[in-house]
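Undergrad: Provided below for reference: sequence and predicted model.
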Amino acid sequence: MASTLFQKVWDAHTVRRLPTGQTQLFIGLHLIHEVTSPQAFDMLRARGSRVAFPDRTIATVDHIVPTSDQRRPFIDVQAEAMLSSLERNCREHGIHLVDLNSGHQGIVHVIGPELGLTQPGMTIACGDSHTSTHGAFGAIAFGIGTSQVRDVLASQCLAMEPLKVRRIEVSGRLQGGVYAKDVILTIIRRLGVNGGVGYAYEYAGDTIDAMSMDERMTICNMSIEGGARAGYVNPDQKTFDYLQARRFAPHGDDFERAVQWWRSVASDAGAGYDDRVVLDAAAIRPTVTWGINPGESVSVDEPIPSNADADALAFMGLSRGQTLSGTPIDVAFIGSCTNGRLSDLREAARLVRGNRVAARVKALVVPGSQSVRAAAEREGLDRVFTEAGFEWRGAGCSMCLAMNNDRLDGTQVCASSSNRNFKGRQGSPTGRTLLMSPAMVAAAAIAGEVVDVRQFNGVEAGVAS
Amino acid sequence: MPLERIHRISGTGLPIRGENIDTDRIIPARFLKSVSFDGLETHLFEDDCREADGREPNSHPASNPAFFGATVMLVNENFGCGSSREHAPQAIRRRGIRAIVGESFSEIFFGNSVALGMPCVSAAPETMQALMTAVENEPSTELVVDLDVMTVHSNWATYPITLPAPARDAFLSGTWDATGLLLADFEQVRAVADRLPYVSGW
Ligand code: SF4
């Protein structure tokens, strides 16, 4: 019978049906970081348990790392304590830690794919909601809480209930200046921030097929912002090409055998879905959030709707009927697991080249990983940014959630390529976040206000490749 | 480790109105800078409290002494969305809350709460409106969440609640901490690992 990738992967990883009615699901890859794992290791110790499959867990440090001065010990004692604890736990349990000296450290959802850890047909869990990113490779990947991190450490399994599958078909050609970020913001706006509860999203259609792996990751990354715990794209030749020769991907004959298996897990033609949604790519415009959740967005040239939530608008200092274009910004942030990859930095740099950051704007670029940073430097992107007045930082989560020193002050407005515009998200309880594509952030940094990247400075915006 | 079997939770209520209340609001990220969950309860809804109390003292229920000692939290739609941080239900549980009644919950938040033995049960919007109003008018209103008969009861009325069967069974049978269950048949776990080409070798 024709089935979906979700169903095939779920079945292949099912251990048994638990007395509670849930499924015991084997987790093929477990990623951990310093914020949500220390308590899990304590719980494990309290039970006297060991890590069941130490080589199926990989650790890195991303949330709390300073992106300016990374010398140890960190000046921030709490951050230092968290990293030390991760190092100790990894040593004690034989877990591989991709640390600051590795040259590969970075945001967990950036380095998993980069190192070839993320592969089609896997189940992947991490104590972080944006684990959905890894679905871009045709994996079933979802975020878990700390007690579940303990469960995976102890048993390599989770007790789960199956998700329904909604197929989201995007077809047509994106306009110049419209990016994967605009596509996913539009999907979330249309289906709502809780529209995906109970579902995994399968993204399909020729627009998604035409996207690079980086762009597919941007889409899958924000599935959770639409309430869907997992989101995925069926693996194809692009997926396999991306994985070829990556460090943890299979090599030689193994790679050929792997490709066979990877192809076999893709959804079959004629598979049944619990729901289907169709979207026209050509109608999508550069999108910006006006409110305090990622579903509260409009096109940059579209008035804020007349039924927009009054409290959210009051918090943001915006009003109904106003367009976002022209909104002054104080800070511009390019980075995060949504848009901190090389292609994002390239596109932003293309717009920045030869321009200057507006006088009162603080602008920073935080590459998603050390590898992204090094690759960008080889292309000279760092100089493009620094010459324009951007700060060029080390890899980490940084101002996406402000657990390091990068944060908003007071009621500052930030044009951000990250994924959450929640109140307080960027470190100031009254700070305000406008989510948009990295190209739009770059344009806003230079103009000092939100601008339509399609008309920016005479630069013709690129077509998403 | 034998776990408590959870059938009934009773006590006073803590009404938290609003849709899509995310975990960054429940516990802002700056309070996650610790290797333990200790003391999180003191920062529950801290920024929301400061914002509301700046307008009018004690106007946020979480900082209003009238609601201190509550054991049942009342919420609206999509509560606990956003970040997967278990710090959010931990902060709530450590504040003394033992059950949450709401219109709906984010899945990750719901699952994290199960693992702490804190049921998140769903009720109709009208029920939430009635319960919240009752508790706001009279904070000493006694609420009873009953997982045996699947109702929530206030002084005056009884309303139906829902909870997916697996979670309900886990609470009633004291198996809400999944680790024991997951380790019960480890041979089968190994068998699945051996069957997966990317684990056992291509
Ligand atoms: S970049 Fe932001 S959303 Fe992504 S893992 Fe880090 S904190 Fe979470």
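TA: Arrived safely. Predicted, not measured: the structure shown is a model, and the values here were computed from it. Numbers count the residues shown, from 1 in each chain, chains lettered A, B, ... in the order given.
Undergrad: give the contact list for A:Ala141.
TA: Applying Cβ atoms under 8 Å, 6 or more residues apart in numbering or on different chains, we find A:Ala141 in contact with A:118, A:122-126, A:131-135, A:220, A:230, A:232. Yep, even glycine has a C-beta here, placed from its N, CA and C like the rest.
Undergrad: just give me the closest of those residues to chain B.
TA: Nearest to chain B, judged by Cβ to the nearest Cβ, of those is A:Met122 at 6.5 Å.
Undergrad: confidence score at the closest one?
TA: A:Met122 carries a pLDDT value of 98.
Undergrad: mind checking the end-to-end distance for stretch B:112-123?
TA: Stretch B:112-123 has an end-to-end distance of 19 Å (Cα to Cα, to the nearest Å).
Undergrad: quick check: mean pLDDT of it?
TA: On average, stretch B:112-123 scores 97.
Undergrad: got the confidence number for residue 199?
TA: The chain I'm using is chain A. Looking at A:Tyr199, its pLDDT is 98.
Undergrad: right idea, wrong chain: chain B
TA: At B:Val199, the model reports a pLDDT of 98.
Undergrad: number of residues surrounding the closest residue to it other than its chain neighbours?
TA: Distances taken as Cβ to Cβ, 6 or more residues apart in numbering or on different chains place B:Ala193 nearest to B:Val199, at 4.7 Å, with adjacent residues excluded. Close neighbours of B:Ala193, defined as other Cβ atoms under 10 Å in any protein chain shown, add up to 19.
Undergrad: residue of chain B with the smallest distance to the ligand?
TA: As assessed by Cβ to the nearest ligand atom, the ligand sits closest to B:Ser83 within chain B, at 7.1 Å.
Undergrad: any idea how far that residue lies from A:Ser129?
TA: Going from B:Ser83 to A:Ser129 by Cβ to Cβ, to the nearest Å gives 6 Å.
Undergrad: check the offset of the longest helix along chain B from the chain's centre.
TA: Ranked by residue count and defined by DSSP state H, the top helix of chain B is helix B:125-137. The chain centroid and the centroid of helix B:125-137 are separated by 18 Å under Cα atoms, centre = their mean, to the nearest Å.
Undergrad: hmm, back to that, enumerate every residue touching the residue of chain B closest to the ligand.
TA: By Cβ under 8 Å, 6+ apart, the contact set of B:Ser83 is A:128-129, A:401, A:420, B:22-24, B:29.
Undergrad: before we move on, the earlier item: hmm, A:Phe26 and the residue nearest to B:Val199 touching each other?
TA: Yes: taking contacts as Cβ atoms under 8 Å, B:Ala193 lies within contact range of A:Phe26: 6.4 Å.
Undergrad: got any ranges where the chain has weak pLDDT?
TA: Assuming you mean chain A. Applying pLDDT under 70 to chain A flags residues A:457-465.
Undergrad: I was thinking of chain B, sorry if that wasn't clear
TA: For chain B, the stretches flagged by pLDDT under 70 are B:1-2.
Undergrad: again, 90 this time
TA: Under the criterion pLDDT under 90, the flagged ranges of chain B are B:1-3, B:53-55, B:58, B:155-156, B:177-178, B:180.
Undergrad: helices of that one, start to end?
TA: B:23-26, B:46-55, B:87-94, B:107-115, B:125-137, B:165-173, B:178-183, B:186-195, B:197-200.
Undergrad: pull the first one out as CSV, backbone CA atoms only.
TA: Think helix B:23-26. The C-alpha trace of helix B:23-26 is given here as CSV (Å, rounded to 0.1, in the frame of the first residue of the first chain):
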residue,chain,number,x,y,z
THR,B,23,7.2,29.3,27.0
ASP,B,24,9.4,32.4,26.7
ARG,B,25,6.7,34.2,28.6
ILE,B,26,6.2,31.5,31.1
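Undergrad: any residue of it touching the ligand?
TA: No: using Cβ under 6 Å from any ligand atom, we find that helix B:23-26 stays clear of the ligand, coming within 10.4 Å at best.
Undergrad: what's the local residue count around B:Asn64?
TA: When neighbours are counted by other Cβ under 10 Å, B:Asn64 registers 18.
Undergrad: that one and B:Asn58 touch, don't they?
TA: Yes: using Cβ under 8 Å, B:Asn64 is in contact with B:Asn58, at 4.4 Å.
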